[in-house]
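Enquirer: structure, please.
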Amino acid sequence: MTFGRAGHQGCGLIARALVLAACLLPLGCASTKPTGPPVLRPNPYQAPAYQVVGDAIVASLGGVSVTLRWLDEGGVRGYYAARPGLILPWPEELWKEAPPTVFLLRISNQTREEVQFDPGLVALVAQVGERQRPIPYEEMYMRLQETENAQARLLSLQATLLSRFVVISPGGQRDGLLLFAAIDPEAKLLMLDLASFFVGGRVATGRFEFQVVR
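Expert: Next comes the predicted model:
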């Protein structure tokens, strides 16, 4: 009889342990850090001159319409697929090894004055104050020159990358890509600072904020 009671108690302890483990399991899963790539979403708390439209931020800088959109890998592929004669500059293995942070910038000059813009002076700023400049074409050339189909890749990148001084006449439009290094794992908020943007010789600085979601 003693053995029977002990066996019954042992089964009860095991049952309670299994119930406790089942309760704790969701908590353990919830605390696991996501392993997927980070996603950038427009910060809804933009300055009054900025408007969030879908996944883009639209601003009027000195009367010039400026639209900024972050592109994930699928967005980058779609961007090049929509342009006849161009191919994706990054081989798949290179993208996986060092995925860049890519923004699509579109500038529409609706004024009667000339717009001047230096992409090399753009800065991507993290909430801790760290600033990084765009990856220049020369650096991308060094990375891509030995890849398969390198000439076509470099021509596609040259046709789409904003890396040199840009002048847009009245009524003109220009769009292109800004490339940065991979996002810092600790970053929670990023700001793209268009520090060198001039309309008719007057400074019209733009600051676009994105939340980093993981």
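Enquirer: for this structure, just list every one of the helices.
Expert: With DSSP state H, the ranges of helices along the chain come out as 2-30, 73-81, 92-97, 137-144, 150-160.
Enquirer: lowest average pLDDT across the ones you listed?
Expert: When the helices of the chain are ranked by mean pLDDT, helix 2-30 comes last with a mean of 43.
Enquirer: count of neighbours near R131?
Expert: Counted by other Cβ atoms under 10 Å, the residues lying close to R131 total 11. In this view, the C-beta of every residue, glycine as well, is placed from N, C-alpha and C.
Enquirer: my guess is W95 contacts E73, does it?
Expert: Yes. Using Cβ atoms under 8 Å, W95 makes contact with E73 at a distance of 6.8 Å.
Enquirer: so who does F165 touch?
Expert: With contacts defined as Cβ atoms under 8 Å, 6 or more residues apart in numbering, F165 is in contact with 116-120.
Enquirer: for Q116, see how far away it is.
Expert: 7 Å (Cβ to Cβ, to the nearest Å).
Enquirer: for this structure, where's the lowest mean pLDDT among helices and strands?
Expert: helix 2-30 (a mean of 43; mean pLDDT, DSSP states H and E).
Enquirer: what sits against F103?
Expert: 68-71, 177-178, 180, 192.
Enquirer: to clarify, my last question referred to V213.
Expert: Here V213 is in contact with 38-41 (criterion: Cβ under 8 Å, 6+ apart).
Enquirer: how far out from the middle of the chain is stretch 183-198?
Expert: 10 Å (Cα atoms, centre = their mean, to the nearest Å).
Enquirer: measure it end to end?
Expert: Start-to-end span of stretch 183-198 (Cα to Cα, to the nearest Å) is 28 Å.
Enquirer: could you list the buried residues of that stretch?
Expert: 183-184, 187, 190, 192-194, 196-198 (16 or more other Cβ atoms under 10 Å).
Enquirer: in strands, which of those appear?
Expert: 190, 192-194, 197-198 (DSSP state E).
Enquirer: and the two most separated of those?
Expert: L190 and F198 (23.8 Å; Cβ to Cβ).
Enquirer: extract the residue ranges of the chain that are flagged as low pLDDT.
Expert: 1-36 (pLDDT under 70).
Enquirer: outline the domain layout of it.
Expert: 1-32, 35-213 (automatic domain parsing).
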